[in-house]
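S.K.: quick one, fold the following:
(one chain, ligands or ions: 1)
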Amino acid sequence: MPPPAFEPLLVEVDNAGPTTGTGNNTYLLTSADAPACLIDAGVGTAVHLDRLAHHLAARQTSLADVLVTHAHPDHSAGAPSLSHRFGVSRFTKYRWPAEDDRRIAWAYVDDGTALCVAGTTLVALHTPGHSPDHLAFWHEPSGTIFTGDLVNRRSSVAIVFSRGGDLTSYLASLERLLALNPTRLLPGHGPAIEHAGEALRTTLAHRRAREAQVMAALGTGHETVGAIADSIYDGLQPALMPLARETVRAHLEKLKADGRAIDERSRWRASTR
Ligand SMILES: [Zn+2]
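M.R.: Sure, this is the predicted structure:
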């Protein structure tokens, strides 16, 4: 017998902006015999809450669980609004004491935890790099991964070094997802990805190309994070330059850890070893 269809319902948050693209995606999982589960909390926009209310009413169900991929506000700040409006009984994420909203009694989970939600099972995968607390949620029977901010087909993912971003971890997280051989990725931003392996390989290749650009910038005498970012991200909209500088810094820190770059009082150069 084929496995039952697994069709998460996309519920858009309506928070388009320079760092969110067309806005955040959340995904509603419903079942005939269990209350619903939402992947990611959004930010509490009225239109998002109304859309959720509409879908829940149409299916005569309630919202019991919210799984949060990470504490960045566009994925988690809506938790109090969801709690207030729908009486959600459990908000689940990976612990990040510095960033977790203290108004919520989070149910913290570790890597590998099986989560029984909406009549099915998702496995929490600790996939740090974009943020230290990042979780992806793996639905093995359908080959689907909810990927949060690990992959975005419309723009590259920011690695914010000053807030716990780590490029080496990020690449390892992508490799880990690839090893699961998924068929579909449902990201926190941008369209669903049906060619999962190809998208993960493309994302890894993009990072390697970016690393080569950073090495080339060092080779032509660019010494500061700002100068390197300006040389690589020429033409980027100004609102995104702070994130571009953070990502360049993350690349430099990885190159330093790999023994390929040296940092002296915030002046960078290639290692001659
Ligand atoms: Zn994020």
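S.K.: all strands of the stretch 1-150 of the chain, in order?
M.R.: With strands called from DSSP state E, counting those that start in this stretch, the stretch 1-150 of the chain shows them at 9-12, 25-31, 34-39, 63-67, 90-93, 107-108, 114-117, 120-126, 135-139, 144-148.
S.K.: dump those strands to CSV, plus mean neighbour count, distance to the ion and mean pLDDT.
M.R.: Quick note: C-beta positions are derived from backbone N, CA and C, even for glycine. Converted to CSV, those look like this (neighbours: other Cβ atoms under 10 Å; distance: least, Cβ to the ion, whole Å; pLDDT from 0 to 100):
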stretch, mean neighbour count, distance to the ion, mean pLDDT
strand 9-12, 16, 17, 98
strand 25-31, 21, 12, 97
strand 34-39, 24, 14, 98
strand 63-67, 23, 15, 98
strand 90-93, 21, 13, 98
strand 107-108, 14, 18, 98
strand 114-117, 16, 20, 98
strand 120-126, 19, 15, 98
strand 135-139, 24, 12, 98
strand 144-148, 27, 7, 98
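S.K.: and the ones you listed: which comes nearest F161?
M.R.: strand 144-148 (18.5 Å; Cβ to Cβ).
S.K.: list the buried residues in the following helix or strand past that closest one.
M.R.: Reading on from strand 144-148 to the C-terminus, the next helix or strand found by DSSP states H and E is helix 167-179. Going by neighbour count (16 or more other Cβ atoms under 10 Å), the buried part of helix 167-179 is 167, 169-171, 173-174, 176-178.
S.K.: which helices and strands sit right next to the host helix or strand of E211?
M.R.: Assessed by DSSP H and E, E211 sits inside helix 196-219. The elements that helix 196-219 packs onto, with contact taken as 3 or more Cβ pairs under 8 Å, 6 or more residues apart in numbering; DSSP states H and E, are helix 167-179, strand 184-187, helix 225-232, helix 241-257, strand 267-270.
S.K.: what's the closest of these to G148?
M.R.: strand 184-187 (7.2 Å).
S.K.: CA-only coordinates of the closest one in PDB, if you can.
M.R.: Below are the C-alpha coordinates for strand 184-187, written out as PDB (Å, rounded to 0.1, in the frame of the first residue of the first chain):
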ATOM      1  CA  ARG A 184      11.200  17.600  -1.200                       C
ATOM      2  CA  LEU A 185      12.400  20.600   0.900                       C
ATOM      3  CA  LEU A 186       9.900  23.000   2.400                       C
ATOM      4  CA  PRO A 187      11.900  26.200   3.300                       C
END
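S.K.: distance of the residue positioned nearest the centre of the chain from the ion?
M.R.: Central residue of the chain (Cα atoms, centre = their mean): D149, 1.7 Å from the mean position. Distance of D149 to the ion, computed by Cβ to the ion, to the nearest Å: 4 Å.
S.K.: which ones are touching that residue?
M.R.: 69-70, 72, 75, 130-131, 134, 157, 187-189 (Cβ atoms under 8 Å, 6 or more residues apart in numbering).
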